[in-house]
Structures are given as C-alpha cells and as structure tokens.
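Chemist: Return atomic coordinates for the entry below.
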Amino acid sequence: MTSLFAPIDLGPYHLPNRIFVAPMARARSDASRSPTPLVATYYAQRPTPGLIVTEASHVSLCTASRPGTSAEHDARHRDGWSGVTDAVHNNGGGIFEQLYHVGRKAHPSALPGGAAPVAPSAIAAKGEIATAAGTQPFPTPRALEAEEIPDIVTAFGQAAQLAREAAFDGVELHAANGFLIDQFLRDGFNHRTDEWGGSVENRSRFLLSVLDALIEEFGAGRIGLPPSPHFRSDGIADSDPQVLFTHVAQALGARGVGYLHVVESTGLGAELGPAKAAAALAPWLKAAFGGSLVLARLYDLKTAQAALADGRADAIAFGRPFIANPDLVARLRQGSALKTPDPSTFYTGGANGYVDYQFLHDAEVLTTEEAEVRRSFF
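Modeler: Numbering: from 1, shown residues only. Have a look, this model is predicted:
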C-alpha cells in the first residue's frame, strides 16, 4: 500500500513524501503586495512536506483582491519572494508559487484609476469582495477585447520569469474558483463568439496559451494546475463539466504538466447535493491526465491514506491543518493531536495566528531517509 510518507517523483523532482501544503491566502504582504520577512518565516516553518504551494500571487496591476495579498509583477515582488525561497531552501524545503488573475472578481477601488475589472463577458459574479472600505458586492466587469487577451498571457509569462528569478522550484497556475482562467473555461459565463469562446477548444485556448507561456520559463514538469470542476458558489457553471475538464486534463497530460491538483473531498455527496453534480470526478480526471493527481479538501490521515491506497490520488494537499500545525508532517507520522486554527486571524496581518503556533518539538526536521531524498530536489 502506498504510504503518505513514501517518496514520489514529480516532474524532475523526487519528493520525500506525498504531503503538500495547499495554497492559502493569509494577507501578510505589504502595501505594494510584496512578501514581508514574516511571510518568509511562515513558509520556512513548514519545510518538511513534499512540496509547499504558496498563496496566489497577482500577475499584474489589473488584478487585485483583499488588502495584504501578494503579487508577482515587478522587481519588488521578486525580491520579496526571493527572501521566502531562500528561507525555505535553507531549511530543506521545496516551494512552488501559485500565479493568478482574478478577472471579474476584483474591485475598481483596488485597480489603477478605479478601472472596471476585466473578464471574458460582462457578467458580475455573485457575492461580495473584501475592500479597504469594507465588504462590497462584486462589480460588473468589462468584457475584454480580443486584442487585449494576448497582453494578459504575456503578463503571466512575465510573472513566471520573475518567479524563476526568485528561485522558485516551479509554479502552480491557478485555473480554479471562478477566477479569470475559470471564467474563460465555463460556458455558463463565457458568452464570447470569437476564437476565445463557444466550443470547448476555444474556451480552453486562454488556459493553454497561458500554460505555454509558463512552460517557456519553467518547463512543463515544474508546473502544477488546479481546475475546480465542482466550484459554482459565485454563479459560474458549465453545461457539461465532464467534457470540458476531460479536454483540459488531456491537454495538460499531452504537455507533460507536473501534476493536477483537484479539490474533491471524501464527503463529496453530502457537500454537493444532486447526484449528477456529486459524482466523483477525480478518477476520470486522473485517467484523462495520465500523470500525478493531488487531492485536497477535508482530508485527515485516515482518509488521505485511503485515497492513496485505492489509487484516487498520488498525493494529498492539506490546507487549514498546516496553519495551526507547522509540523503537520511529524504530527501525522506520530498520530499526534492536531491544533485548530483561529479563523479570526487569517487575514488580519501580524504574527498572531500566523507564525506563533507551537511545535511538538523545538523544530521539525526531515527523517534521515527524507533528507537523503530531498538532496535530489534541487
């Protein structure tokens, strides 16, 4: 039986275990959206998982979310992230940066000149966004002109170049949760009639164009991608998600992308309701992709081991458990109790609830076997 603590090959890397740190926004960057030394401390406290994936970073000035989130589109951001990668590498860890553009899920108050957010089509998301002035409804975006879209592809490529210069080991392309790439993919939102809309192939064009720009910087094996076929909370939807995401998975597999990262928990049916929507998608996504599949959402040691044992996943990403348990790998290995994170501190800034959670021991270290595997990572 495959163990959560067994090594795994991912792209060019040989990882010491199958535990990933899932990307989680923590809003600790400065006013320029550059990571602070506190961010470096946070990630350096978590070096022993097979791989860390950072919080999502905005790829241009024309995409912004809550105050304190991070970015990767100028030298300040690169230099701030360099401090993070140095700290992680010095502690023996490996780290990918997640890159994204929120599209319609931005607010004019955070964009240059108070501009409207952009999207494939001029349809507002359902829900609200946190702004400096408090929570506001999502605005109606401006539909992108066809000639503007290549510029956004270029922005992703430039962000990947900065990530490489900052010594990240790879990048994860955020194609989920109703953000810009997901907006292009779904026919419930993408109503375009040009080459960027209509057929599954056209709606996938933006994702694959961005992916190819990232491959030029890192190579396909150093890239991960999280689609979100189950996500619909902001009103986004697709008429045939199985056809859409099978096409996406096959295209990613053909390019040799390092891994696919899917949010699909063991409580799927109870979460999603209708039987058709609740059908587990991981098995056919994994088959269509043909490479390593990472699952995330509400896993514990028992359910993670079960997902590996029955072949549904090759690795498991943990989110909130890593917030309160920087030494989560050791706690899982030893069967120790887990601490519960304090949600009131998630986006408040400062050390409280960020770098002050207690370790089982003075410091978590790799086992001798894991340290030997890790030496081949870089």
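Chemist: Let me see the ranges of the helices in the stretch 1-150 of the chain.
Modeler: Along the stretch 1-150 of the chain, the segments classed as helices by DSSP state H, counting those that start in this stretch run 37-44, 75-90, 149-165.
Chemist: the inter-axis angle of the strand ranked longest in the chain versus helix 37-44?
Modeler: When the chain is parsed with DSSP state E, its longest strand is strand 51-58. Taking axes from the mean of the first three to the mean of the last three Cα atoms, to 10 degrees, one finds strand 51-58 and helix 37-44 inclined to each other by 150 degrees.
Chemist: mean confidence score for strand 51-58?
Modeler: Mean pLDDT, strand 51-58: 98.
Chemist: Could you spell out the sheet neighbours of it, each with its direction?
Modeler: Applying DSSP bridges to the sheet, strand 51-58 is found paired with strand 19-21 (parallel), strand 70-71 (parallel), strand 95-100 (parallel).
Chemist: out of these, which comes closest to Ser32?
Modeler: When the strands paired with strand 51-58 are compared by Cβ to Cβ, strand 70-71 sits nearest Ser32, at 7.9 Å. (Each C-beta comes from the backbone N, C-alpha and C, glycine too.)
Chemist: Under the pLDDT cut-off, which ranges of this structure? List them.
Modeler: Applying pLDDT under 70 to the chain flags the ranges 265-279, 362-378.
Chemist: coming back round to it: take the helices of the stretch 1-150 of the chain and lay them out in a markdown table including mean neighbour count.
Modeler: A markdown table is the format used below for the helices of the stretch 1-150 of the chain (neighbours: other Cβ atoms under 10 Å):
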| stretch | mean neighbour count |
| --- | --- |
| helix 37-44 | 20 |
| helix 75-90 | 19 |
| helix 149-165 | 20 |
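Chemist: so can I have JSON lines of the ones you listed showing distance to Ala143?
Modeler: Below are these laid out as JSON lines (distance: least, Cβ to Cβ, whole Å):
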{"stretch": "helix 37-44", "distance to Ala143": "35"}
{"stretch": "helix 75-90", "distance to Ala143": "28"}
{"stretch": "helix 149-165", "distance to Ala143": "11"}
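Chemist: For Tyr354, which of those is the nearest?
Modeler: Of all those, helix 37-44 comes closest under Cβ to Cβ, at 5.8 Å.
Chemist: Output the closest one as PDB, nothing but the C-alphas.
Modeler: Output in PDB follows, covering the C-alpha atoms of helix 37-44 (Å, rounded to 0.1, in the frame of the first residue of the first chain):
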ATOM      1  CA  PRO A  37      10.100  38.800   6.200                       C
ATOM      2  CA  LEU A  38       7.200  37.500   8.300                       C
ATOM      3  CA  VAL A  39       6.000  35.600   5.200                       C
ATOM      4  CA  ALA A  40       9.500  34.100   4.900                       C
ATOM      5  CA  THR A  41       9.300  32.900   8.500                       C
ATOM      6  CA  TYR A  42       5.800  31.400   7.900                       C
ATOM      7  CA  TYR A  43       6.900  29.200   5.000                       C
ATOM      8  CA  ALA A  44      10.300  28.400   6.500                       C
END
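Chemist: what's in contact with it?
Modeler: Helix 37-44 is touched from outside by 26, 28-29, 52, 54, 70, 80, 83-84, 86-88, 90-91, 93, 95, 350-351, 354-355, with contacts defined as Cβ atoms under 8 Å, 6 or more residues apart in numbering.
Chemist: what angle sits between it and helix 75-90?
Modeler: Going by the same axes, to 10 degrees, helix 37-44 makes 30 degrees with helix 75-90.
Chemist: Please state the offset of helix 37-44 from the chain centre?
Modeler: 18 Å (Cα atoms, centre = their mean, to the nearest Å).
Chemist: Could you do stretch 143-154 as well?
Modeler: With Cα atoms, centre = their mean as the basis, stretch 143-154 stands 23 Å off its chain's centre.
Chemist: same deal with stretch 34-54?
Modeler: The chain centroid and the centroid of stretch 34-54 are separated by 14 Å under Cα atoms, centre = their mean.
Chemist: start to end distance for it?
Modeler: Stretch 34-54 stretches 13 Å from its first residue to its last (Cα to Cα, to the nearest Å).
Chemist: One more: stretch 160-171?
Modeler: Length of stretch 160-171, first residue to last, Cα to Cα: 7 Å.
Chemist: Touching it from outside, list them.
Modeler: If you take Cβ under 8 Å, 6+ apart as the criterion, stretch 160-171 is touched by 11, 13, 51, 57, 72-75, 77-79, 81-82, 84-86, 89, 94-99, 213-214, 216-218, 221-224, 258, 377-378.
Chemist: Pull out the buried residues from stretch 300-313.
Modeler: 304-305, 307-308, 312-313 (16 or more other Cβ atoms under 10 Å).
Chemist: about what we covered before: what about burial for the contacts of stretch 160-171, which qualify?
Modeler: Applying 16+ other Cβ under 10 Å to these flags 11, 13, 51, 57, 72-74, 77-78, 81-82, 84-85, 89, 94-99, 213-214, 217-218, 221-224, 258, 377 as buried.
Chemist: quick one on the thing from earlier: in helices, which of the buried residues of stretch 300-313 fall?
Modeler: Among the buried residues of stretch 300-313, DSSP state H puts 304-305, 307-308 in helices.
Chemist: Output the residues you listed in JSON lines, with distance to Arg104 appended to each entry.
Modeler: Listed next are those as JSON lines, based on distance: Cβ to Cβ, whole Å:
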{"residue": "Ala304", "distance to Arg104": "34"}
{"residue": "Gln305", "distance to Arg104": "39"}
{"residue": "Ala307", "distance to Arg104": "33"}
{"residue": "Leu308", "distance to Arg104": "37"}
